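Engineer: One predicted model, sequence on top.
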Amino acid sequence: MTFARLFPRFLRSVAVALAAFALAPLAFAQADPIRVGFLTIKSGALAAGGRQMEEGLTLFLKQHDYTLAGRKIELFTADTAGQPAVTKTKAQELVERDKVQVLIGPLAAFEALAIDSYIRQVKVPIISPSAAAEDLTQRKVNPWFVRAVGTSAQPMHALGEYAARDLGYKRVATIGDDFAFGYETTAGFQRVFEDDGGKVVQKLWSPLNVADYGTYISQLDPKVDAVFASFAGANGLRFLKQYRTFGVKTPVLGSMTGVDEGILKNMGDEALGVISAGWYSATLDNPANKAFVAAVNKAYGADPGYYTVGAYAAGLMLEHALKAVNGRIEDKAAFMKALRSVVVDDDPRGTIRLDEYGNPIMNVYIRKVERRDGKLVNAVIKTYPGVSQFWTYDPKKFLASPVYSRDYPPARNLE
Amino acid sequence: MAFWITQSLNSLALGGLLFILSAGFSLIFGLMRIANLSHGAYFMLGAYVGLTLLRTGMNFWLAVLLAGVAIAIFGGLIERFVLRRLAGQTLSQVLATLGIAFVIADSCLWIWGGDPMPLSGPASLRGAVRVMGALFPLYRLAVIALALAAFVALWLLVEKTRMGAMIRAGVDDLDMARGVGIPVRSLFTAVFCLGAALAGMGGVIAGPILSVYPGLDADMLPLALVVVILGGVGSLVGAGVGSVVIGFIYTFGQALLPDLAYVILFLPMVLVLAARPRGLFGRIAA
C-alpha cells in the first residue's frame, strides 16, 4: 500500500503545504551562514605558527566547500600579533562587531588566558587549536572552552615513562624555555620519569630571548644518559644547532614543538635521533592522515605539524558538534553540550574524544627524527593509546596538587 | 676547570659579536646624538640577506662582505632621505628609526616568512676543538679572532686617519667641528653607512650561532644599548670593553646566578648610569 493510495490528492497537497509552512522558519534560519571567528597571528615573532594554523583551517573549510552540517560558514580572521592586549581587542571585535557564534584560536597560552574572563562573560564557545596551558582544562575550567590539542604535559608523561622503561635511562638533565610551556612540559616528563625510578639531576631554564645557548650547553652535565630539552618556536632549532657544534654526544629527548614538522624542514643532521613525544606525526599510518598530509603538501608544499593539525582538528570538532545539533548553533546550550561530548573518528591523529574538562583523550606517539627520502621526519616508534591529560593518575588527586611549574614537582635529585 | 675555560671562551665569542653589532651603534650615537633604534633590524636584515646569498652556494666570507655592502647602501639611503630631513630634531629622528625598525621587521616576515632558519658557517670551521682540555666550537674561536681584527681596523680608522679625526672632532663638539669646516653632513652619511655595514656583517657572522628568525632584531637591540651605555657613547674603546664586560656578565651571570638571568645585564648598566652617566669611556652623557 502506498502513500498515494491512502491519501487523496487534495489532502496530500494540504499536508505538503502545512509541512512547508511549519518548516519555513527553520529553513530561513538555516539559510544564514554560521559566523566563525578565527584568532591567529600574522605578524611578529610567532607569525610562522599563525600562518600554519590559518593554512590548516583554510584547507579544512575548502575541503568542505565552506559548508558544515548543511550550513554555509563565514570566516572572520583576526591578527592578534601574539600580544595578549591585542588578542582581547580582537576577540571583542569578532564577538561584538562581527557577531561570531563560535571562536577558533588563539595560538599562545598567554593569549588564551587574556581572553578567558571575557569568554566567560559573553558566553561564546571557543575551540583552542594550539594553546596548551594545563589549567585551561584543569583547575580553571571555563564552561565555554574546549581544546582540540592536548595539554603541555600530556605527551610528556608518556615520554617520561618511555625514557625510564623502554630506554632504561637513569639520570637525565633538563633544559627548557623559561616560561609556562617550558615548565609544564618539563614537569610532566620529570614526574613520570621519577615515578618510574629515573632521576632528574639537573634543571636549567634559559630565557625565551636568550642570545647564546653556548652558556647553557657548556653547563649540561656530561655524565647523564640524556638531555631533555623543551623548546618552542625558533628556540628548538637554535638550541639543537648549537648543541651539536659543541661536540656533545648525549642523546636528546624533546617536547613536541622542539622538532615539530613546522621547523624540522629547516633543520639538518643536528636533529637526527632526537626522540620526542606528541599527539601527532606527519608519518602516522592511517587513511585520514594520509589524505591530510597529501592535501597539505599539495596546497602548501610542506608537511603539517603542531599548528596545522591543531587548526584542522578544531575544524573537525566544530563539524562533528554541528552535525550533532543539525547545524543549529543558535541553541547555544545544546551546541556547547554537543561540542563537549564530541567524538571525532576521522581526525588525522586517530579517534579523539573529550574528557569532562574539555580536553582530548587521544593517542600519544613517541617519535624519532629520521631521514627518509632526503627529508627529516618524525618516525613513530611507539604508540600510547587513549592518553588522558592526567596520565594514569587519579584526576581528583591530580587537581588537588599545584599546577606544574618551575618548582613543582620539586626536584629532589639535583646534584 | 673546563667549565671556566669554556664559559670564558663563550663570553669572548659573545663579546665579539656584541662588539661588531655595537661599534657602529656607538659611533652613530656619539656623532649624530641619536640612538639608532633600527640597528637591530639592520643586523637581522643583514642575516637574511646573507642567508639568501649563501643559498646560491656563495663563499661564506664573500656573503658576509656583500651583506655588509647591501646594508650599508640601505642605511645610507635611510640617512640621506629620512634622517637628514629631520636634522636637528633628535627625538623625531629616534622615532623615525624606531618606525623603520618595524617596517624592516615586517618586510623580512613578508619576504622570508616566519620560519626560523639555520645559517651554516664555512665548512672549514665546523666541529669542535680541544682548548686546554675543553671542547669548544671552532667557529666561535674564529668569531673572537674576527672581532679582534675588526677592533684593530676600526681603531686605526678612528685614531690614525683624517676621517677618524673628523669623527672624533664631531663627537667632542659638533658645532665647533662644523665651524672649522668639517663637512658634517657627509660625515654623518659616511658614519651611518659604516655602522649599518657593521651591523649587517654582524648579522651574517652571528648566523651560525644565533640562527635567523623573526624577533632577532628585538633580541639584539637591547644588548647593543647596554654595551654602549656601559662603555660610553661614541667611544670605540668603550664599545670594545663594554662588549667584553657584557659578554662575561651575561655568560657567567646566567651560569652562576640563573635566577637573575633577566636583570643581570641591566644591573651593571644601572650602576654605571648612576655613578658615571658618561659610561666607562665616554666623553658625553648618554
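Structural biologist: Okay, I see it.

Engineer: quick one, strands of the stretch 1-150 of chain B?
Structural biologist: Along the stretch 1-150 of chain B, the stretches classed as strands by DSSP state E, counting those that start in this stretch are B:128-131, B:134-137.

Engineer: so which of those strands is the most packed in?
Structural biologist: For those, ranked by mean neighbour count under the definition mean count of other Cβ atoms under 10 Å in any protein chain shown, the leader is strand B:134-137 at a mean of 22. In this view, the C-beta of every residue, glycine as well, is placed from N, C-alpha and C.

Engineer: Average pLDDT for that one, rounded please.
Structural biologist: Averaged across strand B:134-137, the pLDDT comes to 87.

Engineer: any idea of the mean pLDDT for the strand or helix carrying residue B:201?
Structural biologist: Under the criterion DSSP states H and E, the helix or strand holding residue B:201 is helix B:184-210. Helix B:184-210 carries an average pLDDT of 95.

Engineer: Quick check: residues of the stretch 201-350 of chain A near chain B?
Structural biologist: Within reach of chain B by Cβ under 8 Å from any Cβ of the partner chain, the stretch 201-350 of chain A has these residues: A:204-207, A:209-212, A:214-216, A:218-219, A:233-234, A:237-238, A:241-242, A:245-248, A:262-263, A:265-268.

Engineer: what's the burial count for residue 35?
Structural biologist: Just so you know, I chose chain A. 18 (other Cβ atoms under 10 Å in any protein chain shown).

Engineer: could you do chain B instead?
Structural biologist: Residues within reach of residue B:35, counting by other Cβ under 10 Å, total 21.

Engineer: what does residue A:361 give?
Structural biologist: The number of residues packed near residue A:361 is 17, by other Cβ under 10 Å.

Engineer: so it is in which element?
Structural biologist: strand A:360-372.

Engineer: quick one: low-confidence parts of the chain?
Structural biologist: In the absence of a named chain, this looks at chain A. By pLDDT under 70, the low-scoring segments of chain A are A:1-31.

Engineer: wrong one, chain B
Structural biologist: Looking at chain B by pLDDT under 70, you get B:284-286.

Engineer: now do 50
Structural biologist: Along chain B, the model assigns pLDDT under 50 to residues B:286.

Engineer: re the thing from before, would you mind pulling up the elements that the strand holding residue A:361 packs against?
Structural biologist: For strand A:360-372, the elements it packs on are helix A:154-161, strand A:275-278, strand A:352-354, strand A:375-387, judged by 3 or more Cβ pairs under 8 Å, 6 or more residues apart in numbering or on different chains; DSSP states H and E.

Engineer: strands paired with the longest one, and their directions?
Structural biologist: This means strand A:375-387. Each strand that pairs with strand A:375-387, with its direction, by DSSP bridges: strand A:360-372 (antiparallel).

Engineer: Of all the helices and strands packed on strand A:360-372, which one comes closest to residue B:56?
Structural biologist: Between residue B:56 and the helices and strands packed on strand A:360-372, the tightest spacing by Cβ to Cβ is seen for strand A:375-387, at 22.0 Å.

Engineer: Next SSE downstream of that closest one?
Structural biologist: In the C-terminal direction, the helix or strand that comes right after strand A:375-387 (DSSP H and E) is helix A:395-400.

Engineer: for that following helix, the distance to its chain's centre please.
Structural biologist: A distance of 22 Å separates the C-alpha centroid of helix A:395-400 from that of its chain, computed with Cα atoms, centre = their mean, to the nearest Å.

Engineer: Flag every buried residue along that helix.
Structural biologist: Within helix A:395-400, the residues that count as buried by 16 or more other Cβ atoms under 10 Å in any protein chain shown are residue A:399.

Engineer: Which residues does that helix contact?
Structural biologist: A:138-139, A:388, A:390 (Cβ atoms under 8 Å, 6 or more residues apart in numbering or on different chains).

Engineer: mind running it again at 6 Å?
Structural biologist: Taking Cβ atoms under 6 Å, 6 or more residues apart in numbering or on different chains as the criterion, the residues outside helix A:395-400 that touch it are A:138-139, A:390.

Engineer: cool, stretch A:264-278 as well?
Structural biologist: Under the criterion Cβ under 6 Å, 6+ apart, external residues in contact with stretch A:264-278 comprise A:155, A:158-159, A:237, A:240-241, A:244, A:252-254, A:256, A:259, A:302, A:364, A:366-369, A:376, B:115, B:117.

Engineer: same thing with stretch A:197-217?
Structural biologist: A:164, A:169-175, A:177-179, A:190, A:221, A:239, A:242-243, A:246, A:411, A:413, A:415, B:10, B:14, B:219, B:251, B:254-255, B:261.

Engineer: again with stretch A:51-58
Structural biologist: Residues external to stretch A:51-58 that are found in contact with it (Cβ under 6 Å, 6+ apart): A:40, A:129, A:262, A:300, A:307-308, A:311-312, A:315.

Engineer: Recalculate using a threshold of 8 Å.
Structural biologist: Stretch A:51-58 is contacted by residues A:38, A:40-42, A:75, A:77, A:104-105, A:107, A:129-130, A:262, A:296, A:299-300, A:304-312, A:314-315, B:113-114 when judged by Cβ under 8 Å, 6+ apart.
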